[in-house]
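Undergrad: need a structure here:
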Amino acid sequence: MNKKKAIVKALLDGPKTFTEILESTGLTRPTLSNHLKKLEEEGVVQSVLDRKDKRKILYMLSEESIGLTTVSKAIEIIEKELGERLDDEERERLKEILTKYVKELIIIALKHDLDVENAERVIKMCISAFVTFNELLKGFYKRSGMPKQEARQIFIKSSLQFVEDEKGERGFEIILEASENLPDSFIKKWKRTNFFRKELIASFSSFATIGELMAKGGG
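TA: Coordinates of the predicted model:
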């Protein structure tokens, strides 16, 4: 396992001392010390004195952390792919989506040992999934001919038939909520990016087909 990933995963359930992280990760002291320092410099991890024992230092994930990167770095990744800066509204909405939804998706991935080492790709994939789902929703609403709220409930009920367990259901809820909170101006921009067009064109076509079939069934 990636050493930084091992450290972040060890801190998911709360602050730990250096020794506790050592025991949890199995890393050597020099290796752990080196990677903790890098994670602190990157803003992913922070250290504080233990209130109960001032001789001890506790390490924890920072509020800005999302997996192996931070909200600020994720915004930079998004703006770099767009080739332009986000406007104020887009920036605030994206920060909220990254903090509330992307962070939870990555935590789920970390707990199940899924590949999240390439932080840049993970961020882009999450945003692309949200944009794709937003398009899927819009297509479903348009084709169903029903009031939006009624169509939304049918969409959720239909989609959950393909979900096998509670974990999958929560993942679906995260993507649904995030997709509904994306600014329309941002969606238009992201759909023009090379990453979205090259990496998700096949997935988008599949989603669109599924959305159309669901809409017909709902109608």
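
Undergrad: where's stretch 59-66 relative to the chain centroid, distance-wise?
TA: 15 Å (C-alpha atoms, centre = their mean, to the nearest Å).

Undergrad: Using the three-state scheme, assign the residue lying closest to Ala10 once chain neighbours are set aside.
TA: In space, and not counting its chain neighbours, Ala10 is closest to Ser24: 4.0 Å by C-beta to C-beta, 6 or more residues apart in numbering. (Glycine included, C-beta is placed from N, CA and C.) What DSSP: H, G, I helix; E, B strand; the rest coil gives for Ser24 is helix.

Undergrad: ranges for the strands of this protein?
TA: For the chain, the strands defined by DSSP state E cover 16-17, 45-49, 57-61, 65-66, 69-70.

Undergrad: low-confidence ranges in the protein?
TA: The chain contains residues with pLDDT under 70 at 1, 162-168, 200-219.

Undergrad: okay, now the domains of the protein?
TA: What automatic domain parsing lists as the domains of the chain is 3-62, 66-218.

Undergrad: Turn these into a markdown table, including mean neighbour count.
TA: Shown next, in a markdown table, are those (neighbours: other C-beta atoms under 10 Å):
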| stretch | mean neighbour count |
| --- | --- |
| domain 3-62 | 15 |
| domain 66-218 | 16 |
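
Undergrad: about what we covered before: with distance to Lys95 added, can I get the strands of the chain in CSV?
TA: What follows is the strands of the chain, written out as CSV (distance: least, C-beta to C-beta, whole Å):
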stretch, distance to Lys95
strand 16-17, 27
strand 45-49, 19
strand 57-61, 17
strand 65-66, 11
strand 69-70, 11
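
Undergrad: In contact with the nearest residue to Asp87 once chain neighbours are set aside, which residues?
TA: Closest residue to Asp87 apart from its sequence neighbours, by C-beta to C-beta, 6+ apart: Ser185 at 7.3 Å. Contacts of Ser185 were listed using C-beta atoms under 8 Å, 6 or more residues apart in numbering, and they are 87, 89-90.

Undergrad: Would you agree Gly43 is in contact with Ile66?
TA: No: using C-beta atoms under 8 Å as the test, Gly43 is too far from Ile66 to be in contact (10.6 Å).

Undergrad: Would you quantify the distance from the residue nearest to Asp87 to Glu135?
TA: Noted for Ser185: a distance of 15 Å to Glu135, by C-beta to C-beta, to the nearest Å.
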